[in-house]
Each structure stands twice: as structure tokens, then as C-alpha cells.
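Chemist: sequence? don't have it. structure:
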């Protein structure tokens, strides 16, 4: 099938092309946004592919992005499983770039539901006010959106004082949040206020979320293999499953009472003085400290310990030492950051995820 390249800021063009691809006509590759009428340079794009409706790139937060090939069957299975989980189709608000799977799936779900999505401008900084005003444009009874944790935090912070934003959040049938670990305190606070936050687990290789609030979607099987999450699903990308039909991820997890608990990426666990330290756990503790707005942890080489924790945060300069002490008290000496850097903002990818490569480079200066 011929590959049609669509820039991320051509949402209408991408929606039309995806509709044709889902009908079996062609393949869509959504590249980065077009700037000044010029598309970004694209390397080694095949002229023709088979059994692929959508080519999407992984986020590249920990390395070089790779292209994932998703069939129309995989995309449709994912969209229909989401619809079945919520018991209804509805209208979607697009708040994420469509050159990443979470954004692209908003378009796919809208096509399947035969509804018109409301589209935010994802090329500008996300704000709570813009989100709330976009939500006002939605007309369907059932309303949905997908967000990353950074966006949810910004909305939660503003909703504490702004009734307009809180009403907008409560107007959604469900708000899917995924991509990275979510602060459980934020989720709990919003749920207490009547906001239906649904935690989603998935990736480009699974065509988006396959586990919602710990429960596998219809047709999805979840296993833990050698401590890693393994997924079998009709939404799997081409060529990612093993001989048993499972995609073995690089995410550590466990099944508790039939629910999946994601412990974090396996490569986000460092060995410090022969002890395992979860960088996600370090971030959770540091992020709970008053005066800390955002935080990211990384592994630093140590001749004595093997590896130690480095921490980057946005917030008050007075709390740097207190943050390190709090991590030590709750997680032990091996987890205590040996360097803490304060920045004005965390480096992020265009889809809102923390740019972990750039975070690590801050300690090389």
C-alpha cells in the first residue's frame, strides 16, 4: 500500500487519510508538524508497505524513536474495546499531537464513533483555560479525552481555584491519562471532586491503552513474565509478538487481585550499592514535597556505589536539600539523590512526556 505522509498540524488531512486507511485504502504516516510550509525531514520512509493502516513513531523518551506498523484490524480492535469498556461511543477532545499514538487514537475513535472531534492547537503550550474553552465546544452526551500526566497536573492545580476549569473536567464521561506514572494524590483529589480520571496503560505497539484502571480491555490478556508485563491483544502492532502471541514489554509490573499494577520501566530501576532503586518511586516522593512543582529522576554513574540518583525539579530553591532528605527518609540511603538541580522547566518531548535523554545531559554540564 502507498504511504501518505501527513504533517501533525494537518488534523483534517490526517482524519480523512485515516478514514481511507481504515477502509483498506493506503497507509498513513503522521510526521512532525509542518513549519512555514515545510515538512520535517523524514529518513528512510518505505514507498510501499503491507498490512499497515498507520505508521507511528514511539515517543523516544529514552532513546531513538522507532516506527510501529499498525494494521486496520489492530486500530479498530483498540477503538472498539475502548467503546465497549465505557459502554458507549461519544465525542473526543484532541489535546495531544497526532504523530503519537494517544493523539492518533483520538482520531481513530472519532471515526469509529462517527463523531466530530474538537481539536486543540497542540503546537502551543497547553493551558487549563484553553482546555476548558475547548471543552465548551463539545456537543455530544458522552465526552472523552486523552491526556498525559503533565497536562492533568496543570488542570488539577488550576481547578483548585477556578470553578470554570473544574466544571469542564467534570463534564467529561472519562478522561484517559497515560504515558507516564501519574501522581496518585492528584488522581484521588480529582476523583473526590467528581472528575472521572481513568488510568490507561499501553504504548504504540499495543495501538494505545489496553488496560484501564488496572483491568484488561475486552480481548486483552495480561501476564507477568520474569517480572515484566506481557500483553496479548488483537490491537498489537505487526511483528511485535513472540511465538506465543505476547508482546513482552520493558515495564515491570505485578498482578494484584486480578488488577495490573505497573511498577515502572525496568530500565528505570538502578542498582545502587547492590540495592534496587526505582526512579519512579523517587519522583513520587520528591513530587509530594511542598514547593516542588515538577520533578524528574535519572541514574548517575558512581565509582563507589555503581549508580546513584540525580534529581531535576521545578519549584522553590529553598526545598532542594529537604527533597533529598525526604527521599532518604522514605526510600533509604541508596535512593537519596547525590545531585539536585533546579530548573525553570523540565525538558519535554512534543507529546508532553519528560525528555529523559535531556534530563540526563543536564548532569554532564
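Modeler: Perfect, thanks for sending it. Keep in mind it's a predicted model, so treat the numbers as computed, not measured.
Chemist: so who does residue 103 touch?
Modeler: Residue 103 makes contact with 8, 94, 96, 97, 122, 146, 351 under the criterion Cβ atoms under 8 Å, 6 or more residues apart in numbering. (Each C-beta comes from the backbone N, C-alpha and C, glycine too.)
Chemist: Are any of the residues you listed buried, and if so which?
Modeler: 8, 94, 96, 97, 122, 146, 351 (16 or more other Cβ atoms under 10 Å).
Chemist: Was I right to think the second one contacts residue 119?
Modeler: Right, residue 94. Yes: applying Cβ atoms under 8 Å as the test, residue 94 and residue 119 come out as touching, 4.7 Å apart.
Chemist: Overlap in contacts, these two.
Modeler: In contact with both residue 94 and residue 119: residue 11, using Cβ under 8 Å, 6+ apart.
Chemist: Need the max-distance pair from the buried ones among the contacts of residue 103.
Modeler: Greatest spatial distance among the buried ones among the contacts of residue 103 (Cβ to Cβ): 8 and 146, at 15.3 Å.
Chemist: The closest residue to residue 338 other than its chain neighbours in helix, strand or coil?
Modeler: Using Cβ to Cβ, 6 or more residues apart in numbering and skipping residues adjacent in sequence, the residue nearest residue 338 is residue 308, 4.5 Å away. Judged by DSSP: H, G, I helix; E, B strand; the rest coil, the three-state class of residue 308 is strand.
Chemist: who's in contact with residue 308?
Modeler: If you count contacts by Cβ under 8 Å, 6+ apart, then residue 308 has 270, 272, 299, 300, 302, 337, 338 around it.
Chemist: element containing the residue of the chain most remote from its centre?
Modeler: Ranking residues of the chain by C-alpha distance from their mean position (Cα atoms, centre = their mean) puts residue 304 at the top, at 35.0 Å. Using DSSP states H and E, residue 304 is not contained in any helix or strand.
Chemist: Distance check, it against residue 320.
Modeler: According to Cβ to Cβ, to the nearest Å, residue 304 and residue 320 sit 22 Å apart.
Chemist: Return a ChimeraX selection command for the buried portion of the contacts of residue 308.
Modeler: Those of the contacts of residue 308 that count as buried under 16+ other Cβ under 10 Å are selected in ChimeraX with:
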select :270,272,299,300,337
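Chemist: Filter the contacts of residue 308 down to the ones in strands?
Modeler: When DSSP state E is applied, those are split such that 270, 272, 299, 300, 302, 337, 338 fall in strands.
Chemist: ok, the residues you listed vs residue 46, which is closest?
Modeler: Nearest member of the ones in strands among the contacts of residue 308 to residue 46, counting by Cβ to Cβ, is residue 299, at 35.8 Å.
Chemist: what are the bridge partners for the closest one, then?
Modeler: Under DSSP bridges, the beta-bridge partners of residue 299 are residue 309.
Chemist: Model confidence at it, what's the number?
Modeler: For residue 299, the model assigns a pLDDT of 92.
Chemist: My read is that it contacts residue 305, right?
Modeler: No: assessed by Cβ under 8 Å, residue 299 is found out of contact with residue 305, at 10.6 Å.
Chemist: buried set for stretch 90-106?
Modeler: 90-106.
Chemist: what residues go with each domain of this protein?
Modeler: Following automatic domain parsing, one gets these domains for the chain: 72-264, 273-364.
Chemist: Any idea which of the ones you listed has the lowest pLDDT on average?
Modeler: When the domains of the chain are compared on mean pLDDT, domain 273-364 scores lowest, with a mean of 90.
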